[in-house]
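In: 3D, please:
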Amino acid sequence: MSTNKPKNELDAADRTILRLLQQDGTLSNPRLAEQLALSVTPCWRRLKRLEDDGYIKDYQANLDRRKLGLDVLAFVQIRFSAHGGNEPNAFEAAMCAQPQVLSCHKITGDADYLLQVVATSLDAYSDFVENVLRQMPGVASIHSSLALREVKAGSRLPV
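Out: Model (predicted):
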């Protein structure tokens, strides 16, 4: 099934399900049905369709990175010397395999990629830059911006 369905295929109940699950992914189907004023079976069918159609990719808990000792948050711009060959593909695969890379985006503008990276300390971040990023073939420049204060962080989409 296609995961690129148009937005207009969602009705108000579908959007409410998505909004409620973004707020609390542990909501049981009976509790979700109660909040929607639906019976359990139709609610389950809607939820199953949203999952099958790819609107809901997975479920996870949102963790506090600082409580886990991940005090450094860096936004890293990567620029390649050339855009041909297999180097960008190898870079993307390598970034996907790095647990400290929270996100990797191919972007427009002065850089080719924008990474969001966490680390336990500046020394640990420096090790990542030296032992991972600087070792990637084709990387011409690395520009890091360290977050001084987190004003807003989240992954909830406006539905």
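
In: what does stretch 119-133 contact?
Out: For stretch 119-133, the surrounding residues in contact (Cβ atoms under 8 Å, 6 or more residues apart in numbering) are 69-72, 74, 76, 78, 94, 98, 100, 117, 139, 142, 144, 146. No exception for glycine: its C-beta is placed from N, CA and C like everyone else's.

In: out of those, which comes closest to residue 39?
Out: residue 70 (43.1 Å; Cβ to Cβ).

In: is it fair to say the closest one lies in a strand?
Out: No - using DSSP: H, G, I helix; E, B strand; the rest coil, the assignment for residue 70 is coil, not a strand.

In: ramachandran angles for it?
Out: With angles defined as degrees, to the nearest 10, residue 70 sits at phi -100, psi 80.

In: so it touches residue 118, yeah?
Out: Yes - Residue 70 lies in contact with residue 118 (Cβ atoms under 8 Å); the separation is 4.2 Å.

In: got a list of what residue 146 touches?
Out: By Cβ under 8 Å, 6+ apart, the neighbours of residue 146 are 72-74, 125.

In: bridged to it, which residues?
Out: Note on residue 146: beta-bridge partners residue 74, judged by DSSP bridges.
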